[in-house]
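# What follows is a predicted structure for the sequence shown.
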Amino acid sequence: MYPRDLFRYCPRCGAATSGSVGASPFECAACGLTFFFNPAVAAGAFLFDEAGRALFLRRAHEPAKGKLAIPGGFIDFNETAEDGLRREVLEETGLEIADLVFIGSSLNNYLYRDVTYPVVDLIFTARALDPAAARPLDGVAALDWRRVADVDPDELAFNSIRMGWEKLRGTM
């Protein structure tokens, strides 16, 4: 179920929807509210150490529990993609990063508590300032420094990470 499918009543006036459940935008016939359903935005980065290895996370929770991911997460209100990425990397690994380079975007669906959230994932590369300080924190079961070419794409948690992995493999 997508977020738009949850709107059975107008969030402004409380009027029941009249056949517009799941429509985008949501338009309330009673009060005229128009509500657009846009994708969430997330950012992730292939963080590199001085040996050219990238940091991969083993996911501790669903979706894709046990699969490999890259540090990152959802961008909060009033954050740029870069600031949100820095915050997420710090929360998940304890690392500070520098030299962010955007490599591409990808569409993703993120299933959380029976709701499927459409997401636009923004993928970057970055340099870990102190790679030895990395530790598994929020939502991370384990950390693994690997060369990008040594990762099996079937181990990767999301299509957006595979897209970034493919682009990086083509440049290394």
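Cool, got the structure. Numbering: from 1, shown residues only.
# And the protein, split by domain according to the record?
1-38, 40-169 (automatic domain parsing).
# Tell me how far the first one lies from the chain's centre.
Its chain's C-alpha centre and that of domain 1-38 lie 26 Å apart, by CA atoms, centre = their mean, to the nearest Å.
# Next, the distance between the ends of it.
Terminal residues of domain 1-38 are spaced 15 Å apart (CA to CA, to the nearest Å).
# List the buried residues for that domain?
3-4, 7, 10, 17, 20, 26, 28 (16 or more other CB atoms under 10 Å). C-beta: built from backbone N, CA, C; applies to glycine.
# would you list every one of the strands in this protein?
26-27, 34-35, 40-48, 54-59, 68-69, 72-74, 97-112, 115-128, 140-146 (DSSP state E).
# Of all the ones you listed, which one comes closest to Arg86?
Arg86 lies closest, by CB to CB, to one member of the strands of the chain: strand 97-112, at 6.1 Å.
# returning to what we had before: which of the domains of the chain has the lowest average pLDDT?
If you rank the domains of the chain by mean pLDDT, domain 1-38 sits at the bottom with a mean of 86.
# gap between the residue of the chain positioned farthest from its centre and Arg8?
Within the chain, the residue lying farthest from the chain centre (CA atoms, centre = their mean) is Ala30, at 36.1 Å. In this view, Ala30 and Arg8 are 13 Å apart by CB to CB, to the nearest Å.
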